[in-house]
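[1] Make a model of this:
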Amino acid sequence: MPVGTLGSVDLPSPTDSVSSRVELFERYLDAFRAEAIDKVRALSPREQRGTRLASGWTPVELLCHLAFVELRWLEWGFEGVEVVDPWGDRRDDRWYVDEGLSTEAVVARLEAQGARTRQILRRHDLSEIGLPSARWDGEEPPSLERILIHLLQEFARHVGHLDIVAELALTDG
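    Below you'll find the predicted structure:
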């Protein structure tokens, strides 16, 4: 795989020209989000909703988790927006997706959350501190840039998890 790619998605190269750090964050988050979606879509429906891991999570649950991660950190956390169920991706201390929710509905949720993330990034400066909210458990809110660094590592880590699941599906399938 050539340097600067993540599966079928091009990552920003360190030599790419970008207009701002905000654009760089957007491009990386968009690339990781697209790659996670592509990896899940490439799996059979059985593999999307099944698990091969002792922890029991499924690829569709991971996509739903990523949408809620963005919601929790940026809308509920940084902007202090009232969110009805910020932990809607969890039931009984594990990731959860309602059986009636299709993979494409979960993908649409993640893509819509990505659009809201881009809007948030365009409205705020990276050095801006988040609003106090229940998200911070009484701690001082972090800057937008610090939240984005956290989101990038979370997305990168979970795309790596999907790499392993996809490889298991290919070798065992």
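[2] Which helix or strand contains the residue most central in space within the chain?
    The residue lying closest to the centre of the chain (C-alpha atoms, centre = their mean) is Leu66, at 3.3 Å. Here Leu66 sits within helix 59-70, counting by DSSP states H and E.
[3] elements contacting that helix?
    helix 21-41, helix 45-49, strand 94-95, helix 103-123, helix 144-172 (3 or more C-beta pairs under 8 Å, 6 or more residues apart in numbering; DSSP states H and E). Quick note: C-beta positions are derived from backbone N, CA and C, even for glycine.
[4] Low-confidence regions, the chain specifically.
    The model of the chain has pLDDT under 70 over residues 1-9, 172-173.
[5] what about 80?
    Counting by pLDDT under 80, the chain contains low-confidence ranges at 1-12, 172-173.
[6] Alpha carbons only: can I get the helix holding Leu66 in CSV?
    Provided in CSV are the C-alpha atoms of helix 59-70 (Å, rounded to 0.1, in the frame of the first residue of the first chain):
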residue,chain,number,x,y,z
PRO,A,59,-18.3,-3.7,13.0
VAL,A,60,-21.7,-2.0,12.8
GLU,A,61,-21.6,-1.3,16.5
LEU,A,62,-18.1,0.3,16.0
LEU,A,63,-19.5,2.6,13.3
CYS,A,64,-22.3,3.6,15.6
HIS,A,65,-19.8,4.2,18.4
LEU,A,66,-17.7,6.5,16.2
ALA,A,67,-20.8,8.6,15.5
PHE,A,68,-21.5,8.9,19.2
VAL,A,69,-17.9,9.7,20.0
GLU,A,70,-18.0,12.7,17.7
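[7] so after that helix, what's the next helix or strand?
    Taking DSSP H and E, what comes next after helix 59-70 is strand 90-91.
[8] Sheet-wise, list the partners of that next one with their directions.
    With DSSP bridges as the test, strand 90-91 is paired with strand 94-95 (antiparallel).
[9] what's the strand it pairs with in contact with?
    Strand 94-95 is contacted from outside by Ser55, Gly56, Trp57, Thr58, Glu61, Leu62, Cys64, His65, Asp89, using C-beta atoms under 8 Å, 6 or more residues apart in numbering.
[10] could you redo the last one with a cut-off of 6 Å?
    With contact meaning C-beta atoms under 6 Å, 6 or more residues apart in numbering, strand 94-95 is reached by Trp57, Glu61, His65, Asp89.
[11] how close does the third one get to Leu53?
    His65 sits 14 Å away from Leu53 when distances are taken as C-beta to C-beta, to the nearest Å.
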